[in-house]
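Trainee: after the sequence you'll find the predicted model.
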Amino acid sequence: MTTPIEEYKREACRGNRGRIVDAAAEWAGVVDWWASGRPLFVQAFRKEVGKHPSKAGIDNLLDAAIPRTLGDLQRKEADDAFYAAHAALFLQEMDSIVSRVPRDCPDPEAAFAFANVLRFVDHVLFDSVVMLEHWAARSRQVPGVFGVGKNEVEHMHTFFFGAQQTIYGHGSFGLSFAENHSDLVIGTIRQALEIRLRRAFGIAGRFSDANNTFEPVPLSALFEAIRPFEKQIASAVPFATLRRINGWANMYMHGAIKLPVWAPPRVLARLKPLLLGEGRKRGDGLRMPKSAFDGVRQKLMDQYDVTPSPIGLVPVDHCEVLITA
């Protein structure tokens with residue numbers, strides 16, 4: 001008798017489809033299957049792991065699923081809560097895609113868009129089985145149960161060919177290939193987070209008159225300067241979550257270490273109100289009294305202005321923050 005995981009795996013892993021022949025038909029097939037595939041995954045996950053995908057809120061999900069350091073990752077991988085959180089994030093990402101991409105579209109150019117979505121969805125579904133493989137091997141010390149695996153460190157080819165896609169778009173004849181390299185966005189997320197916080201507090205960096213050079217203030221130093229004032233600052237994303245996202249992104253930036261492919265889009269979705277704002281006023285993803293704004297800047301000046309490279313500050317009216325009082 002076929003078990004739930006065997007039935008789910010048969011469909012979830014069939015999509016490493018290589019060349020896509022009829023993108024519209026194949027996408028319609030994924031949409032139709034997901035109606036039964038979703039509850040089948042939940043059933044398989046509960047049977048194998050003994051837990052339901054987590055029902056926690058998004059920040060608690062990210063706290064459980066996103067490591068700050070390699071040591072944190074190793075600890076999390078031994079804990080069933082890590083996999084329950086990722087199972088929830090997987091379901092969120094698939095639900096988001098299926099709800100936003102139409103099953104059918106008469107537009108002549110729709111086939112190209114369907115193919116792009118399919119290439120990413122193939123990775124998402126495949127990783128949902130790889131996640132269970134990792135659970136068996138790292139939480140139960142029983143490797144090879146589900147017979148799947150993936151490279152967990154980014155290959156240099158991905159960086160090169162992904163950069164070509166950023167320049168020319170996906171599948172632009174001989175200028176770029178069509179394969180999906182979604183994990184590369186982690187570097188963009190890391191940069192966007194840093195620039196967002198720098199622009200909020202107007203921290204341009206450090207200038208050295210001695211050798212006429214510019215040095216950025218480490219993001220870690222800015223986080224530490226913010227810490228005493230956190231309770232006064234209304235952030236669209238809690239600073240604890242931002243620190244965790246920063247640490248996870250640094251693992252990719254410096255070690256090319258990957259999590260399941262649904263992690264970057266789920267993190268990006270969480271960061272949206274901070275990066276783009278919650279209303280129409282510039283910088284309203286971060287709101288604080290002038291005393292907190294000045295306090296953060298003063299902390300950094302106290303740290304660096306005693307050195308030969310003092311802080312360069314942007315005037316407050318040019319900062320992307322909403323001063324409340």
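Mentor: Happy to help now that I have it. Residues are numbered from 1 along each chain as shown.
Trainee: could you pull out the strands for this protein?
Mentor: 203-208, 213-215, 234-235, 286-288, 311-313, 322-323 (DSSP state E).
Trainee: Met131 is nearest to which of the ones you listed?
Mentor: With distances scored as Cβ to Cβ, the stretch of the strands of the chain nearest to Met131 is strand 234-235 (30.1 Å). C-betas here are computed from N, CA, C, even on glycine.
Trainee: low pLDDT regions in the stretch 51-200 of the chain?
Mentor: Along the stretch 51-200 of the chain, the model assigns pLDDT under 70 to no residue.
Trainee: what segments of it are helices?
Mentor: Counting by DSSP state H, counting those that start in this stretch, the stretch 51-200 of the chain has helices at residues 58-65, 70-77, 80-100, 110-134, 156-168, 185-201.
Trainee: got CSV for those, with mean neighbour count and distance to Gly144 too?
Mentor: Below are the helices of the stretch 51-200 of the chain laid out as CSV (neighbours: other Cβ atoms under 10 Å; distance: least, Cβ to Cβ, whole Å):
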stretch, mean neighbour count, distance to Gly144
helix 58-65, 19, 24
helix 70-77, 14, 16
helix 80-100, 20, 17
helix 110-134, 20, 8
helix 156-168, 14, 26
helix 185-201, 19, 28
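Trainee: select, out of those helices, the one closest to Pro143.
Mentor: helix 110-134 (7.9 Å).
Trainee: picking that back up, ok, which of the helices of the stretch 51-200 of the chain comes nearest Ala25?
Mentor: helix 110-134 (9.0 Å).
Trainee: helices or strands next to that closest one in the packing?
Mentor: If you count contacts as 3 or more Cβ pairs under 8 Å, 6 or more residues apart in numbering; DSSP states H and E, helix 110-134 packs onto helix 4-12, helix 23-49, helix 80-100.
Trainee: redo these as a markdown table? Include distance to Leu118.
Mentor: As requested, those are exported to a markdown table (distance: least, Cβ to Cβ, whole Å):
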| stretch | distance to Leu118 |
| --- | --- |
| helix 4-12 | 13 |
| helix 23-49 | 6 |
| helix 80-100 | 10 |
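Trainee: wait, what's in contact with the residue minimising distance to the centre of the chain?
Mentor: Centroid check for the chain by Cα atoms, centre = their mean gives Pro264 as the closest residue, at 2.1 Å. Residues near Pro264 by Cβ atoms under 8 Å, 6 or more residues apart in numbering: Ser182, Asp183, Val185, Ile186, Ile189.
Trainee: and which of those is nearest Pro216?
Mentor: Taking those together and measuring to Pro216 by Cβ to Cβ, the closest member is Ile189, at 17.6 Å.
Trainee: how much space between that closest one and Ala263?
Mentor: In this view, Ile189 and Ala263 are 10 Å apart by Cβ to Cβ, to the nearest Å.
Trainee: also Ala88?
Mentor: As for Ala88, its distance to Ala263 is 12 Å (criterion: Cβ to Cβ).
Trainee: same deal with Ala115?
Mentor: The value you get for Ala115 to Ala263, if Cβ to Cβ is used, is 23 Å.
Trainee: same question for Arg206.
Mentor: The spacing between Arg206 and Ala263, counted by Cβ to Cβ, is 33 Å.
Trainee: which of the two has more neighbours?
Mentor: Looking at Arg206 and Ala263 with other Cβ atoms under 10 Å, you find the greater number of neighbours at Ala263, namely 24 against 19.
Trainee: on that earlier part again, distance to Ser54 added to the contacts of Pro264, as a markdown table?
Mentor: Converted to a markdown table, the contacts of Pro264 look like this (distance: Cβ to Cβ, whole Å):
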| residue | distance to Ser54 |
| --- | --- |
| Ser182 | 23 |
| Asp183 | 23 |
| Val185 | 24 |
| Ile186 | 22 |
| Ile189 | 22 |
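Trainee: ok, those vs Gly255, which is closest?
Mentor: Nearest member of those to Gly255, counting by Cβ to Cβ, is Ile186, at 11.3 Å.
Trainee: how near is the residue nearest to that closest one when sequence neighbours are not counted to Glu77?
Mentor: Nearest residue to Ile186, sequence neighbours excluded (Cβ to Cβ, 6 or more residues apart in numbering): Tyr252, at 4.2 Å. Counting by Cβ to Cβ, the gap from Tyr252 to Glu77 is 16 Å.
Trainee: repeat that for Lys55.
Mentor: 21 Å.
Trainee: what sits closest to Ala84 if chain neighbours are left out?
Mentor: Using Cβ to Cβ, 6+ apart and skipping the chain neighbours, the partner closest in space to Ala84 is Ser54 (4.3 Å).
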